[in-house]
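Engineer: Just need the structure, nothing else, for what follows:
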Amino acid sequence: MLRLDFNLVLTMINLVVLYLILRKFLFRPLMNIMEQRRTMIADGLQHAEDTKKEAYALKSQYESALGGAKEESTRIIGQAKKDAKAEYDRILDEADQAAGKLMKDARETIDLEKEKTLRDMQSEVAALAVSAAKKMVKQQYGADADQAAYDQFLKEAGDAHDDK
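Structural biologist: Got it, this is the predicted structure:
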């Protein structure tokens, strides 16, 4: 059976006092430390979650910016192609105009040279004809006849040249 004596009461009192002392100096600080640690872990997890959400938001922004940059680069390349085509067409038109002008100038020069050559040939032919006529007339007539034949030839040569 159980006996209640004074030692048992003292042991019980000692246990209660020990419990109160441990509770005040060990359990409460330990619980406070554990609460702080739990709070710190919860804050760390919350901070990690917030950082993760922010990273996903930034990723979305960067992806949309990258998509926009791709569209912008495509637009810029298209515009550059249009500008290059327009410049190509302009240079080609200028070259065509310059070639046409050169051809026109060359034709005009050829025509002028042709006319000059024809005049020179007519003058030479006229001089040769006059010389031949002069020799023939000298043999048959005299100086007066030479002058009349020369005038007649110049008149006919001039009329032939004016008709052309």
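Engineer: Show me the longest helix that occurs in the protein.
Structural biologist: Of all segments of type helix in the chain, defined using DSSP state H, the longest is helix 28-140.
Engineer: So what's the predicted local confidence for the spatially most central residue of the chain?
Structural biologist: Closest to where the C-alpha atoms of the chain average out (CA atoms, centre = their mean) is residue 80, at 3.6 Å. Confidence at residue 80, expressed as pLDDT, is 93.
Engineer: what does residue 87 give?
Structural biologist: 92.
Engineer: now do the one 5 residues further on
Structural biologist: According to the predicted model, the pLDDT of residue 92 comes to 92.
Engineer: What separation do you get for it and residue 100?
Structural biologist: 13 Å (CB to CB, to the nearest Å). In short, each C-beta sits where N, CA and C put it, glycine included.
Engineer: do the same with residue 72
Structural biologist: 42 Å.
Engineer: Residue 147: helix or strand, and which one exactly?
Structural biologist: Using DSSP states H and E, residue 147 sits within helix 143-163.
Engineer: ok, now residue 4?
Structural biologist: Counting by DSSP H and E, residue 4 is part of no helix or strand.
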